[in-house]
Each structure stands twice: as C-alpha cells, then as structure tokens.
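Participant: structure for the following, please:
(2 chains)
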Amino acid sequence: MLFNSIDFAIFLPVVFCLYWFVTNKNLKLQNLLIALSSYLFYGWWDWRFLSLILFSTIVDYSIGLGLLHQKKSSKRKTLLWISMLVNLGFLGFFKYFNFFAESFADAFTLLGNPIEPTHLNIVLPVGISFYTFQTMSYTIDVYKEKLEPTKDFIAFTAFVSFFPQLVAGPIERATHLLPQFYKKRTFNYALAADGMRQILWGLFKKVVIADNCAELANQIFNNHTEMSGSTLVLGAILFTFQIYCDFSGYSDIAIGTSRLFGFDLMRNFAFPYFSRDIAEFWRRWHISLSTWFRDYLYIPLGGSRGGTWMKVRNTFIIFLVSGFWHGANWTFVIWGGINALYFLPLLLTNKNRNNIDVIAKDKILPSFKEFSQILTTFSLTVLAWIFFRAESISHAISYISGIFSTSLLSVPKIPNASGVATTIILTIIFVMIEWAGRDGQYAIEKIGIRWKKPVRWAMYYAILIAFLWFGGKQQEFIYFQF
Amino acid sequence: MVWWKTTRIYLLSILVFMKKFLLKTFIFGAIFLFLLIIKKHVLPYYTGDATFMTKLEDFDSKSKKFNTVFFGSSRIHRHVNTTLLDSILNDYNISSYNLSVAGTYNPESYYLYENFIDNKTNGEIKLAFVELQALYQYSENNYETTKGSYWNTEKYLDYSLNYIENSNYTEEQKKEMSDSYFKSYLYGYYDFSIFSNITKVALNLTKVSKNGFDPLESKMSKGNSALMKRWNDFRADTSALNDRIKATLTPIAESKENTYHLNFLKNLINKSKAKGIQLIYILPPRLTLEHYKELVPICNKLPSNNIIKLNDYNKYRELYEVKYSFDIGHLNNEGANIFTTYLAEEITSKIHSSETVSN
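Facilitator: All right, here's what the predicted structure looks like:
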C-alpha cells in the first residue's frame, strides 16, 4: 500500500478509529491491532512475502529468548550468528543472488573462461533491507545486553512490522521503539496535530516535488545521449531533489503517522542539502541508516581509533557497504566509494565535526562563506547521485562525459517535456520553505506555529491545493526497491 | 440495553478526550470540501481547456464577426480550413471560426457547443457544425485529467450514464464505462490543474492559428518530434488504413440506434433553432467499425438538413488515400483542404435546401 494512494487514505482513518475507539483500553489488543494492520498493509502489496516477515520475527523472538537463558559466551555467539545468517541469508538471496551470479560470471569471462551465469527469477520483497536491519538491531542489542529480550510476542511482531516504517524506514533501534510497545499510549492532541502537519508536508514533498522532478529526470537520464551538457546538469539536479523529497517525504509521513498512534520514531533527515561539508551531509542524510552502520559496523571495526590505515579502511568499508545496501548494482558501490573519497580528507584532518550546529542560526541568509560551502557540498552530492541513478557504470560515465561538453553553457532544453518551468519554480519555493524551517524537525514544524489560526490554516490549504494542483504522475517511492 | 449504555459512556468518554482533535479535523475537512464544491461550480465552462479558452478569446477579439462555428475533436480542428471554406462559400456570406479542440470526446463537444450558444445570445451565429461522436470507454489516462472531467457536470454525467444504459455495449462494458464516467465526475471536484489553463492563457502561452484551423502537418514541420514519429510510423505500415476503409464499406443498417443519444441530438437541434442557428452534425471519415456501428444508425434517423456524412469511401475516396494522410485517423495539409472542399459542397446543398443562411 502506498502512502500516496486512496487505499491508504481509507486504511489510516479506519485503523486510527479502531486503535483509539475500540482497542484503547487494552494494550495487548492495541499491539495486536497494529500487528494485524501492518500485515494487511504489507500484504496489500504481496501477501506471499508476509511469511518472510513472520519467519524473521519468529527467529529473532526465539533467539532473543534463547539469549535470555543462555549465559555461556560461545553459545550466545552461536545464537547471534544464527540470527545474522537467517536475516542476511534472506537479504542475500532475494536481493543479491543474481548480482553475485553475474559478477562471478563476468570475473570468469575476464580471466578467459566464459561461463553462463545462473539466473533466478526472484522478486525483491519490498522493504526487506529495512525490516531485516531493524530485527538485527534487536538481536545484537540483546546479545550485547543493552536490551532485555521481550517475552511479549505480539509486541515484538508489532515492532518488526510497524506499518508506518515497515517498508522504507526510518530503521528503528529496538532500544528506542520496542519499549514504546510496552507502555500504555494515551492520545496526545499536540502530538497528533504535529503528526498531521508532518504527513501533509511529507505528501507535498513526495507528490509535488519528487514526482514532478522524477518525470523530467527520467526523461533526461533515459535519453542522455540526446541532451545538451546543461540539460544533463539540470537532470542531475532534478534527481537530487527527487531522491531527497521522495525519501524524506516518506519518512515524514511515517513519523507523522506514528505520532497519530502515540509513537515517536527517530528523525531520518535534517535538511541535508544545507550541509557545509560532506561529513555534515552524512549526519543529516538517512540518519537511521548512517547511525545503524556507525553503531553496528563502524564502531565494532574500531571506528576512527587506531592509525591512519585503520581510519581509511573503516571509512571505506562503511561507505561501500552502505552503497551496496541500497542495491545489487556496482553503481551503488561506486556511489558509496565516491562519498568515502569525499569524507576521508575531513576525517584525516580532523575536520569531520566542524559543522554540527544549525547553519546560519537566527539569521535570514547564510554568509558568503557558508553559501559557498553549501554550494560546493551540494555540487559534490549531485555528482555522486549520477552514479546512484544511472543504470550502469558506463551509463554514469557517459552521462558525466556528456555534461563536460561545449553545450554545457547552452540553455537547458528537454524535448517534448511539459511543466519544466513549473517544476523548477516549485522546487525553488520548496528550498525556500526548507531554509526558513531548517531549525525544526521538518520544514513546517515551526513555520506558522505562532501565526493566527486562519493564516495557519490558509497555509495548510495552500499546501493541499498545491498537492492536488501540481501533483505529478504517481510514482513508487524510490526506496521501496531497497 | 446495558451494553449500549456502557458503550455509549465509553465512546463519549473517548470523544471528550479527543474532542479537540476530531472537531478540528472535521472543520478543516468540511472547509476544504466546501472549497472543492465552490471550485467545481463557479468556474466558467470554458476554463477546462486552454486551447478552447484561447480560441474563444481570439473569436471574441476579432473585428470580423463570425456567423458559422465548428465544434469537435482533432478531426475538425485539424481538417476544417476555415479560410478556404469561407472563400469557397463566398457567395453565401459565410464567415467561419473553428472552435474545435484536439482530443475532445463525446459529450465534451456537445457540452462546449451547448454552453457556447447559451452564452452567445446576440444572434450573430447562423450556422453551427458539431462532430458526431460515439461515447466510448475512457482510458484511465483520460478520465483523470482536467480535460476529461471539466465538462462532467451533473447534467452531463446524467447524459453519459443514460447514453451508456441505452447503448449496444455489453453489460460488463456498460459497468466499466459508468464507473469511469462517475470517477471522472468526482475527479472534477479535486482537480486543481484547471487553474493551470487559466495561468497559461493569462501568460499568453497558448497560440491559436488563423480562425482556429491548426493542421497537423504544419505543426510537425515546426519541429514537433512526437508528430514526426506519428507521421513516420504511419508511413512505415499503412495496413491499418484498410480496416478503416472496410469499416465504412461494411453494411451496418441492422444495428439498433441509441435512442437516448438520438433524442439528445434532436433536442440540441431544436435548442439551436430557437436561437436562430441551423445545427449540422458531421460524420467524419476514417473512424473504426465500432464507432460507425454506433453513429450510422443515428445519422439515418436525423433530419437530412442536420447531418453531413463524409465517411463514404466510394464517394470521398481521396479522404482515405495515404498521400493525403497524416496518420491513421488524420489528414495532412492537402487532405484537410480536400476535406474542407467536400464539406463546402455539402454545406452548399444544405443551404439551398433550408435557406437558413441568407445574404
């Protein structure tokens, strides 16, 4: 079920009413309702893969209980490994089997022994990378004794399958989300109203900005050989906004929806395109994944302790794995590698934590220095996104070569495209709103909060009307494929 | 009824608890619904299509006063060369404007025409032509568009549903069609892109050719690659044209006419007559057999002074020739001029028989 669909517009109020009006006297019943609705939400897409989530849930729940009773270190480690093997095994099979088969065949061909790769007709279950990482965080935290294993199977099922964030995150830590299922939830007006506001803003980002940018970016990327250098730059910028608004829009809807049910999800984006360097960008982009890798991979590997070689190695590992997490394609690995190269100089010169505050705090505009830093970081990001969006490495290289041509200074032109000017104007307005609200959790959190109700409501109506007026052709969320 | 008392107390306690949230959500939603209703019913009839708006603006701004208008789809918009028509019919003082819009379906053309004559009551219009079209299954891409829904008022939704009910379509097709027309009606409420048309026209972004005639071939020669593709694709394989020829040669007299459609058309003729306008429907060439099955029986029941049939392959052979074609359904520049010439001949005969338009 897509957040931007009529199905969800019916599903959400129904679940909301059942949750607060029918099951609110009984915590177990509320959790059961969440679990069942989440399974319905997921099964709407493909019911067959529900068995995968259920299996993963049972395995990690049982291993959690096993860890509770097991004090012997070697046996505890074995249990942890079983969980890792099951979760990563599913992920590896469904997501990476064909990729590895092809890569091995290519390697053999390069060595002069051409072989035919075995192809399996595998459908990638939506959101597998997200819920797999979420359940793994539970087992790891229980193993490290940071978290008491749960005995409440319903609460655990609801935690694993919690529908607002099931298919595209934020990837929650068990230590943060699971305890919320044990506590009685009471309806909180301020939280619910804030949730509604965040849902509205998330839908605007997705439907108005991302979907419109997608139509143009797709056209440019799919016909890049026919486009001028300047048009290719425009295409890369449009994709840059598409992916941000698509993914952060989803996160906003997920967080807002959770608030309606009395849950607090972690923040996933913090205005990343206003970052002054790449290190800051990575603290603001897909925060739930970055911190997951930091806590469960980077730090166990030694983090930034140790010598220079260790720092370089660990940085590359975390960025390459992060790239590979996004998809079974070398383009994602290269994207990760490029970001590692961007990040390393800052790490090695100890400048990776130079910019941790809100940019231009209490000022209307950034200083010239800040502006040039933002522009540089943004340009580097745009360049890296080309690899992320391209179908193959050769596609990305050909795209970049196309940019650096004599037509780079020409006026961008997308043949037979409509709504280019509208999309650009809307994106500029969007950036201005984001800038104005950059000290909040999301752009319109604080904007207008002190305004009188009629003016504030007029703003909400304006967003709704923009949503209906300029809404692009409905597209799936990009991160569903991950 | 203890259970009911308990439930009531329980629900009331929750309602009190969530009163503020529920009330505000309700008020917010109600205001928005009100805005949607206002939007649907307040905008003038022509705002649904930017080309039509531009044409109408052009029509009104010309110092020359027109006494003849054309309504229909691209088959009129791209084929009726008004300048040529006026020159051929010079003796009859015909001064025509092509108000057709590409991609206009039944009942859009009827809706536009009816609203046009309701709003143009100065008596200058003497002759009007409307393309005869069948109502058919909307594609999903069409019914959720501004263009596909703006005409869908309560009156015209009623027309569509009655048309479908009285048609020869299968029960399954009827259900699907009714659903799609109803969805399109609802879409008309929450479609805000209608304001894009107003913006486009206000910013002068839409252009109109001389007296509303806009041939496809001329448009293509200005570098429109999509049209060029259509031109080339048709020339690469012209076999589909044979089916269109067969469609016009197939006897279809036994088909039952849609009485609802027929009565609607007759009522429109009478309404026009009351305003001093002779309304003539045009049955265009190169339609599919399915469409002719719907339309030929209707043509046979309409008064002869109110119908021009230009579909007969034996009589209008050039209209089916590849060299005069743009694509499967449309003619090129030369073809459009031939079409206009034939149309002029037919109009002459109608004028002679009815003497509606006089010097």
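
Participant: rest of the way, CA atoms for contacts and neighbours
Facilitator: Noted.

Participant: what helices and strands are in contact with the helix or strand hosting residue A:36?
Facilitator: According to DSSP states H and E, residue A:36 maps onto helix A:27-46. When contacts are defined as 3 or more CA pairs under 8 Å, 6 or more residues apart in numbering or on different chains; DSSP states H and E, helix A:27-46 sits against helix A:50-69, helix A:153-161.

Participant: residues contacting the first one, please?
Facilitator: Residues from elsewhere that reach helix A:50-69, judged by CA atoms under 8 Å, 6 or more residues apart in numbering or on different chains: A:39, A:42-43, A:76, A:79-80, A:83, A:86-87, A:131-132, A:135-136, A:138-139, A:142-143, A:148-151, A:153, A:156-157, A:160-161.

Participant: then stretch B:197-204?
Facilitator: B:47-50, B:53-54, B:206.

Participant: how about these in a markdown table, adding distance to residue A:264, pLDDT and neighbour count?
Facilitator: Shown next, in a markdown table, are the contacts of stretch B:197-204 (distance: CA to CA, whole Å; pLDDT from 0 to 100; neighbours: other CA atoms under 10 Å in any protein chain shown):
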| residue | distance to residue A:264 | pLDDT | neighbour count |
| --- | --- | --- | --- |
| B:47 | 46 | 87 | 21 |
| B:48 | 44 | 85 | 24 |
| B:49 | 46 | 87 | 21 |
| B:50 | 47 | 87 | 24 |
| B:53 | 51 | 90 | 20 |
| B:54 | 52 | 91 | 25 |
| B:206 | 50 | 76 | 15 |
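
Participant: filter those down to the ones in helices?
Facilitator: In helices, defined here by DSSP state H, the members of the contacts of stretch B:197-204 are B:50, B:53-54.

Participant: quick one, phi psi at residue B:129?
Facilitator: For residue B:129, the backbone dihedrals (degrees, to the nearest 10) come out as phi -120, psi 130.

Participant: tell me the average confidence for the helix or strand harbouring residue B:85?
Facilitator: Element membership of residue B:85 [criterion: DSSP H and E] is helix B:82-88. What helix B:82-88 shows for mean pLDDT is 93.

Participant: try stretch A:215-224
Facilitator: 92.

Participant: try stretch B:282-302
Facilitator: On average, stretch B:282-302 scores 90.

Participant: related to what we said a few turns ago, which one of the contacts of stretch B:197-204 is nearest to residue A:316?
Facilitator: residue B:206 (53.7 Å; CA to CA).

Participant: the closest one: what's it in contact with?
Facilitator: Counting by CA under 8 Å, 6+ apart, the residues that residue B:206 touches are B:50-51, B:54, B:200.

Participant: cutoff 10 Å now
Facilitator: By CA atoms under 10 Å, 6 or more residues apart in numbering or on different chains, the contact set of residue B:206 is B:50-55, B:197, B:200.

Participant: run the chain-centre distance for stretch B:191-210.
Facilitator: 18 Å (CA atoms, centre = their mean, to the nearest Å).

Participant: between the two ends of it, how far is it?
Facilitator: 31 Å (CA to CA, to the nearest Å).

Participant: pull out the buried residues from it.
Facilitator: Neighbour-count burial for stretch B:191-210 flags B:191-198, B:201 (criterion: 16 or more other CA atoms under 10 Å in any protein chain shown).

Participant: okay, now the unreliable bits of chain A?
Facilitator: A:104, A:115-124, A:448, A:472-482 (pLDDT under 70).

Participant: ok, the one residue in chain A that gets nearest to chain B to residue A:207 distance?
Facilitator: The minimum distance from chain A to chain B, using CA to the nearest CA, falls at residue A:469 (4.2 Å). As judged by CA to CA, residue A:469 and residue A:207 stand 10 Å apart.

Participant: ok, these two, which is more surrounded?
Facilitator: residue A:207 (25 against 18; other CA atoms under 10 Å in any protein chain shown).

Participant: from residue A:106, how far off is the closest residue to that one other than its chain neighbours?
Facilitator: Spatially, and ignoring its direct neighbours in sequence, residue A:207 is nearest to residue A:471 (5.0 Å; CA to CA, 6 or more residues apart in numbering or on different chains). Using CA to CA, we find residue A:471 at a distance of 43 Å from residue A:106.

Participant: try residue A:304
Facilitator: For residue A:304 relative to residue A:106 (CA to CA), the value is 35 Å.

Participant: follow-up on the earlier one: isn't the residue of chain A closest to chain B up against residue B:191?
Facilitator: Yes: judged on CA atoms under 10 Å, residue A:469 makes contact with residue B:191 at a distance of 6.4 Å.

Participant: count the residues that sit near residue B:226.
Facilitator: 12.

Participant: what sits closest to it if chain neighbours are left out?
Facilitator: residue A:416 (7.5 Å).

Participant: ok, the one you found - how many residues close by?
Facilitator: 9.

Participant: surely it is within a strand?
Facilitator: No: counting by DSSP: H, G, I helix; E, B strand; the rest coil, residue A:416 is not part of a strand but coil.

Participant: residue A:215 is in contact with that one, correct?
Facilitator: No: Residue A:416 lies out of contact with residue A:215 (CA under 10 Å); the separation is 11.9 Å.
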